[in-house]
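Participant: Any chance you can model this:
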Amino acid sequence: MADTAGVSRATVSQVLNDRGRISEQTRKRVKRAVEALGYVPDTRAASMRSGENREIGIVIHGLANPFNAEVISGVTNKLETHGYLVSTLDSNDDPERQLRNLKAFIGSSRGGLIWVPAIATTVDAVTLLEMHGIPTVTLLRDPPVASFDHIGIENRAATMTATAYLAELSHRRIAFFGGDGERSPVRRERIAGYLDEMRRRDLGPTVIWPSGDTKSEGLEAAIALREAHPEITALVCNGDMVALGASLAGQRLGITVGRDLSIVGFDDTEEAAIATPALTTMSVSPRLLGRKLARMLLDRLKDPGLPPVRTTVSAKLVIRDSTGAPA
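Facilitator: Numbering: from 1, shown residues only. Below is the predicted model:
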């Protein structure tokens, strides 16, 4: 490359690492040579020389879920602007698979980790990360020992808001719909908010109906719910995907969503805004949430000695076409 650019190897190194007093003309000549030769820098070798690892791992569950995809997009966009490479592994909510993923990232010397712990995560996973000194930020769920930076969601307050909104539209038969993990702390918090508001307003009876987290599972579960409880006029949903599945079920059953059945989702994924009808939802802005995670990890990488930081993100009600007063 030095020969192609007509400069010394030291000059090429200075240009590639943005160091030294190099004229703009020389920089352009080196960069043209880089492009012409298709040069790709060895980032791991550079990390070994500098002592700074520029690779970040994400361990999450359910990569197919649009909420997770948008969070990862936010993380990646933020970290890449700071020169980091991001890679993602899906634990599929399996603690053993998760442990293999964590070991894979440790073995490949990742400089930091963003982690959604599996439901049955053990202390061993936390100890492993601590032993290797991996800067870590957790999302949504706390690990068994809360020793890392963490961003959570105000789930209980959010479903209280959603339930109150439906009640103020004059709905009296409101169900909580979605999620199928009895051990999921996030779902438990959301159900608790729904139950709190139903009791506070003396509404009921309460109905909690499980469903997998996909649209197809939501569609099937919503049809079953309608058959068992035709009196239900509104749903507070555990996530946007099951809410959109319930909306599809309404269309299949000849029910007008927004009039005969009101549906409130949770997350505010991109699809929620463009669905027909557009989905009313509790918005946590997943891409923005991803950027917040990245910022928290960057702060941790900059100053590893800081005490753990814990914060929560509130959810905002975004009203669209899937809700209205009962017919």
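
Participant: Quick one: residues in contact with stretch 176-193.
Facilitator: 93, 119-120, 140-142, 153, 155-163, 194-195, 206-213, 218, 221-222, 225, 235-239, 242-243, 246, 266 (Cβ atoms under 8 Å, 6 or more residues apart in numbering). The way it works is simple: take the backbone N, C-alpha and C, and place the C-beta from them, glycine included.

Participant: CA atoms only: put that stretch into CSV for me.
Facilitator: Below are the C-alpha coordinates for stretch 176-193, written out as CSV (Å, rounded to 0.1, in the frame of the first residue of the first chain):
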residue,chain,number,x,y,z
PHE,A,176,-55.1,-8.9,29.8
PHE,A,177,-53.9,-10.7,26.7
GLY,A,178,-50.6,-12.3,25.8
GLY,A,179,-47.4,-13.8,27.2
ASP,A,180,-47.2,-17.4,28.2
GLY,A,181,-44.4,-17.4,30.8
GLU,A,182,-45.6,-17.7,34.3
ARG,A,183,-42.0,-17.0,35.5
SER,A,184,-41.5,-13.9,33.4
PRO,A,185,-41.0,-10.9,35.7
VAL,A,186,-41.9,-8.5,32.9
ARG,A,187,-45.3,-10.2,32.3
ARG,A,188,-46.0,-10.4,36.0
GLU,A,189,-45.4,-6.7,36.4
ARG,A,190,-47.7,-5.9,33.5
ILE,A,191,-50.5,-8.2,34.8
ALA,A,192,-50.1,-6.6,38.2
GLY,A,193,-50.7,-3.1,36.7
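
Participant: Now the helix or strand where residue 102 lies: buried residues?
Facilitator: Element membership for residue 102 (DSSP states H and E) is helix 95-107. Residues of helix 95-107 classed as buried: 95, 97, 98, 99, 101, 102, 105, 106 (neighbour count, 16 or more other Cβ atoms under 10 Å).

Participant: Show me which of the contacts of stretch 176-193 are buried.
Facilitator: Buried residues within the contacts of stretch 176-193, counting neighbours by 16+ other Cβ under 10 Å: 93, 119, 140-142, 153, 155-163, 194-195, 207, 209-213, 218, 221-222, 225, 235-239, 242-243, 246, 266.

Participant: which strands and helices sit next to the helix holding residue 102?
Facilitator: Counting contacts by 3 or more Cβ pairs under 8 Å, 6 or more residues apart in numbering; DSSP states H and E, helix 95-107 packs against strand 55-60, strand 85-90, strand 112-115, helix 123-131.

Participant: List the buried residues for the longest one?
Facilitator: Meaning helix 123-131. So, applying 16+ other Cβ under 10 Å, buried residues of helix 123-131: 125, 126, 129.

Participant: Check the second one and give its pLDDT.
Facilitator: Pointing back at residue 126 there. On pLDDT, residue 126 comes in at 94.

Participant: Can you give me the distance of it to residue 62?
Facilitator: According to Cβ to Cβ, to the nearest Å, residue 126 stands 21 Å off from residue 62.

Participant: can you redo the buried residues of helix 123-131 as JSON lines with distance to residue 167?
Facilitator: What follows is those, written out as JSON lines (distance: Cβ to Cβ, whole Å):
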{"residue": "125", "distance to residue 167": "41"}
{"residue": "126", "distance to residue 167": "41"}
{"residue": "129", "distance to residue 167": "44"}
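
Participant: of those, closest to residue 57?
Facilitator: residue 129 (10.6 Å; Cβ to Cβ).

Participant: tell me the pLDDT at the closest residue to residue 215 other than its chain neighbours?
Facilitator: Nearest residue to residue 215 in three dimensions, chain neighbours excluded: residue 245, at 4.1 Å (Cβ to Cβ, 6 or more residues apart in numbering). We have a pLDDT of 98 for residue 245.

Participant: Report whether residue 199 is found in a helix, as I expect.
Facilitator: Yes: the assignment for residue 199 is a helix, going by DSSP: H, G, I helix; E, B strand; the rest coil.

Participant: Tell me, how many residues neighbour it?
Facilitator: 11 (other Cβ atoms under 10 Å).

Participant: State the distance from it to residue 206.
Facilitator: Residue 199 is 8 Å from residue 206, by Cβ to Cβ.

Participant: for residue 306, same thing?
Facilitator: In terms of Cβ to Cβ, residue 306 sits 43 Å off from residue 206.

Participant: do residue 128 as well
Facilitator: Per Cβ to Cβ, residue 128 is found 41 Å from residue 206.

Participant: next one: residue 26
Facilitator: Residue 26 is 72 Å from residue 206, by Cβ to Cβ.

Participant: and what of residue 321?
Facilitator: Residue 321 is 26 Å from residue 206, by Cβ to Cβ.
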